[in-house]
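*Asks:* Let's see this in three dimensions:
(one chain, ligands or ions: 1)
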Amino acid sequence: MLALHNGLVKFRAKQVTLPNIELKRGEVCGLQGPSGAGKSTLAAVLSGSLNRHGGTLTTPGYARGGANPVQWVVQRPEQAFNPRLTLAQSLDEAWQGRDYNRLLSKLEIEKNWLNRRPNTLSGGQLQRINLLRALSPDTEYLLCDEITAQLDMLTQQKIWQSLLLLAAERNLGLLVISHDDHLLKQICHRIIQWPDSQS
Ligand SMILES: Nc1ncnc2c1ncn2[C@@H]1O[C@H](COP(=O)(O)OP(=O)(O)OP(=O)(O)O)[C@@H](O)[C@H]1O
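*Replies:* A predicted model of the protein is given here:
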């Protein structure tokens with residue numbers, strides 16, 4: 001279970017009250033809310049990237065020597081990679097030397113892309129590799145923060161098709177943060193409307 005209750009984050013000039021959330025493995029939950037409400041802040045807290053100032057956070061434990069089981073995937077994949085490393089080097093780090101080749105075709109990634117540096121790939125190519133980076137065997141929950149918002153419609157559809165299949169196969173819990181009403185209704189089991197109500 002991944003859960004946050006009564007979460008609160010204080011920035012220097014602002015305090016953000018986070019919505020209560022409980023996400024189980026195998027579940028695809030949408031999160032929708034106005035710009036600036038704190039959706040990315042919530043993802044940062046759930047993934048342990050940002051300290052909270054209140055509330056109770058429940059996360060799955062790390063496997064011994066393993067990576068974070070809660071992975072936050074952001075809208076701009078270039079932020080997730082060291083620009084000086086090839087993508088293969090970044091993937092080897094994230095996967096700790098384990099074999100990810102089986103996932104290349106599932107995510108429609110061409111092997112030769114991996115010899116390149118992040119700034120030489122398109123947004124869609126890089127986001128596929130970013131998802132592969134986040135999908136090491138340790139991952140149990142994926143926080144998808146507007147991950148296809150900058151991509152064309154066809155690429156969006158293909159990425160979600162691949163990702164939902166993999167999520168079902170791996171029994172991952174998915175939090176889908178998006179302003180795209182149509183996408184959320186199409187793929188989510190339930191949608192949290194923030195700050196209004198839960199449905
Ligand atoms: N590092 C930071 N320092 C100061 N304020 C911040 C920081 N990060 C976020 N905030 C503020 O916290 C609030 C929530 O930001 P957040 O990015 O989580 O919103 P969001 O719901 O994801 O917005 P959007 O839909 O536009 O991406 C905003 O008012 C933002 O300005």
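*Asks:* Could you identify the longest strand within the protein?
*Replies:* Ranked by residue count and defined by DSSP state E, the top strand of the chain is strand 2-10.
*Asks:* Can you give the distance of that one from its chain's centre?
*Replies:* Chain-centre distance of strand 2-10: 18 Å, with CA atoms, centre = their mean, to the nearest Å.
*Asks:* List every C-alpha atom in that strand, with coordinates, as PDB.
*Replies:* Extracted in PDB, the C-alpha atoms of strand 2-10 (Å, rounded to 0.1, in the frame of the first residue of the first chain):
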ATOM      1  CA  LEU A   2       1.100   3.500  -0.800                       C
ATOM      2  CA  ALA A   3      -0.800   6.100   1.300                       C
ATOM      3  CA  LEU A   4      -0.700   9.600   2.600                       C
ATOM      4  CA  HIS A   5      -3.000  11.000   5.200                       C
ATOM      5  CA  ASN A   6      -3.200  14.700   6.300                       C
ATOM      6  CA  GLY A   7       0.000  15.500   4.300                       C
ATOM      7  CA  LEU A   8       1.400  19.000   4.600                       C
ATOM      8  CA  VAL A   9       4.300  20.600   2.900                       C
ATOM      9  CA  LYS A  10       5.700  24.100   3.700                       C
END
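*Asks:* Could you list the buried residues of it?
*Replies:* With burial defined by 16 or more other CB atoms under 10 Å, the residues of strand 2-10 counted as buried are 2-4, 7, 9. Where you see a C-beta, it was placed from the backbone N, CA and C, and this is true even at glycine.
*Asks:* The ligand contacts on the chain?
*Replies:* The chain comes close to the ligand at residues 11, 14, 16, 33, 35-41, as judged by CB under 6 Å from any ligand atom.
*Asks:* Go ahead and build a PyMOL selection from the buried members of those.
*Replies:* Applying 16+ other CB under 10 Å to the residues of the chain next to the ligand, the buried members can be selected in PyMOL as follows:
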select buried, resi 16+33+37+38+39+40+41
